[in-house]
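In: give me the fold of what follows.
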Amino acid sequence: MNEPLHKLKQEAGLLPAKASRPNRHWGMKILSVLFALILWVYVTSVEEGKGTTERTFSDVNIDIRVDNAALEAYGLTIISGLSQTAEISVTGNRAQVMKLTRADISVYAELKTELLRSGNITLPVQVSLPNGITLVDHEPALVTLQMENMATLEIPVRVDTSNQTVPDGYAIESPIVYPTNVSVSGPSYLLSQIKEAVVEMPAGSVTSTITTAKKVRLVDENGVEVQGANLAAFDDTVSVTIPVLKVVELPLCVSLLNAEREGDAVKVSLDPGTIKVAAQPDLLSGVTEISVGTLDLATIDLQTAGSTSTYTFFVKLPSTWKNLNYVQNVKAEVAFDGLSDKTVRVDQFVVMPEISGKAIEVQTRAVDVHLRGETMGMLQLGNGENISLVIQPNALSSQAQDGVYEVKAEVLIDLPYRIWAIGTHTLTVKVSSLE
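Out: As a prediction, this is how the structure comes out:
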């Protein structure tokens, strides 16, 4: 096609117009906007960096600078004023100020040794900033520290067993704690609030002795725990033993010597007849009664004392037992029901030992024998015609040499009554060779 002619026809409107290309125009517009934005950001940052600005920082920690060794030497401690913050306003180059953080700002108050004393101490707040940053203002300008003298006290330890229970038949004894005091150091005003160091035992029912180690709590007179940053308890873990004992009521009794050989004619009554005791469960195992003493019936002469005698015994328990009803003395009444005493002179002797080639001769002429038995039988004794003293076969050795010996003899009573001898009896015998 003839290009110039075609162009003329288009310009004359003889040919339809060619479609436009809108995408090319929009792309150019977007590139222009982006270029303008970048240029604006650059210009703005450059201009702002050249200016100054002001900025405020809140809650900046104030560092209290103090010589702790000097504090200890003076016996002082800071009880308040350590945890304070400040508000700091600064100015400077915009870029530098905007990069500034709390960590770049040093706020402090210096407690010099010459100022150390008990009471309130006011110190100026000082601010240190990086080069190029200027301090505009800071609040507070001053800080107050409260100083207190340090002291050490011995605080008594108490074990609280109120949450512990025991079943019937058991008892909780007073706790044993070691050490009995704990050493506590701290500000005097805090120490004055402490009444005791308490060990709290856990709740529950117990039936055996408890031994444990527990930490103490320092409490005031109302039981509220006393706390403080400078309060310290040394050796605040104590050893606690809580004895748990078994409780029983046991009958009391008296052991008898030389009692009647048969029957039940000797009556012993005790007042009181029982005692309530507590001890470790294993120590009470198999115990059915407690003897308060021994009564030798041979020492009682019914001929002079009558059929009833009264004695007093002191109750002595093992050292590990507890006397719960405080029984100290027991009155024992001994009654001889239907019995009586009599002393007869016996001169009849029976020698049963036989030693080959030896003669045995009783040299004792007579022995007074104290007898006890049924009253009816005692009337039949007469003058001792029915009583003999018998030397038993084993009373002398079969190898006995010639000489004089004291040998034991038994009393033989030839009557159908309950009668027995009181005490022991001996005879003098002579052993000699037969010619």
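In: beta partners of the residue nearest to the spatial centre of the chain?
Out: In the chain, the residue lying closest to the centroid (CA atoms, centre = their mean) is V240, at 1.6 Å. Going by DSSP bridges, V240 is paired in beta bridges with V177, T212.
In: next one: it from M378, what distance?
Out: Spatial separation of V240 from M378 under the definition CB to CB, to the nearest Å is 67 Å. The way it works is simple: take the backbone N, C-alpha and C, and place the C-beta from them, glycine included.
In: K331 is in contact with L270, isn't it?
Out: Yes. The pair K331 / L270 is scored as a contact, 7.0 Å apart, by CB atoms under 8 Å.
In: compare these two and say which is more crowded by neighbours.
Out: More neighbours surround L270 than the other of K331 and L270, with 17 against 12 (other CB atoms under 10 Å).
In: now for the host helix or strand of that one, which elements pack on it?
Out: Counting by DSSP states H and E, the element that carries L270 is strand 266-271. With contacts defined as 3 or more CB pairs under 8 Å, 6 or more residues apart in numbering; DSSP states H and E, strand 266-271 has these neighbours: strand 244-257, strand 329-336.
In: tell me the strands beside it, with direction?
Out: Strand partners for strand 266-271, identified by DSSP bridges, are recorded as strand 329-336 (antiparallel).
In: in the partner strand, what counts as buried?
Out: Neighbour counts using 16 or more other CB atoms under 10 Å place V330, A332, V334, F336 of strand 329-336 among the buried residues.
In: JSON lines for those residues, including pLDDT and distance to L252?
Out: Below are the buried residues of strand 329-336 laid out as JSON lines (pLDDT from 0 to 100; distance: CB to CB, whole Å):
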{"residue": "V330", "pLDDT": "96", "distance to L252": "6"}
{"residue": "A332", "pLDDT": "94", "distance to L252": "9"}
{"residue": "V334", "pLDDT": "90", "distance to L252": "14"}
{"residue": "F336", "pLDDT": "85", "distance to L252": "21"}
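In: quick check, nearest of those residues to T294?
Out: Proximity of the buried residues of strand 329-336 to T294 (CB to CB) peaks at A332, which lies at 10.8 Å.
In: nearest residue to that closest one other than its sequence neighbours?
Out: Once its chain neighbours are removed from consideration, A332 has its nearest residue in Y311; the separation is 4.7 Å (CB to CB, 6 or more residues apart in numbering).
In: surely the one you found touches N329?
Out: No. Applying CB under 8 Å as the test, Y311 and N329 come out as separate, 10.6 Å apart.
In: what's the overlap in contacts for these two?
Out: Shared contacts of Y311 and N329, defined by CB atoms under 8 Å, 6 or more residues apart in numbering, are not found at any residue.
In: want to throw the helices and strands packed on strand 266-271 into JSON lines with distance to A359?
Out: JSON lines is the format used below for the helices and strands packed on strand 266-271 (distance: least, CB to CB, whole Å):
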{"stretch": "strand 244-257", "distance to A359": "38"}
{"stretch": "strand 329-336", "distance to A359": "43"}
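In: enumerate every residue touching V226.
Out: V226 touches L190, Q193, I194, L218, V219, D220, counting by CB under 8 Å, 6+ apart.
In: tell me the spacing between the residue lying closest to G169 once chain neighbours are set aside and T308.
Out: Counting by CB to CB, 6+ apart, the nearest residue to G169 once its immediate chain neighbours are dropped is V247, at 5.5 Å. When distances are taken as CB to CB, V247 and T308 turn out to be 35 Å apart.
In: these two: which is more packed in?
Out: Neighbours were counted for V247 and for T308 using other CB under 10 Å; V247 has more, 16 against 13.
In: what lies in contact with whatever helix or strand S432 lives in?
Out: Counting by DSSP H and E, the element that carries S432 is strand 425-433. Contact partners of strand 425-433, identified using CB under 8 Å, 6+ apart, comprise 349, 351, 355, 357-364, 367, 369, 389, 391, 396, 400-411.
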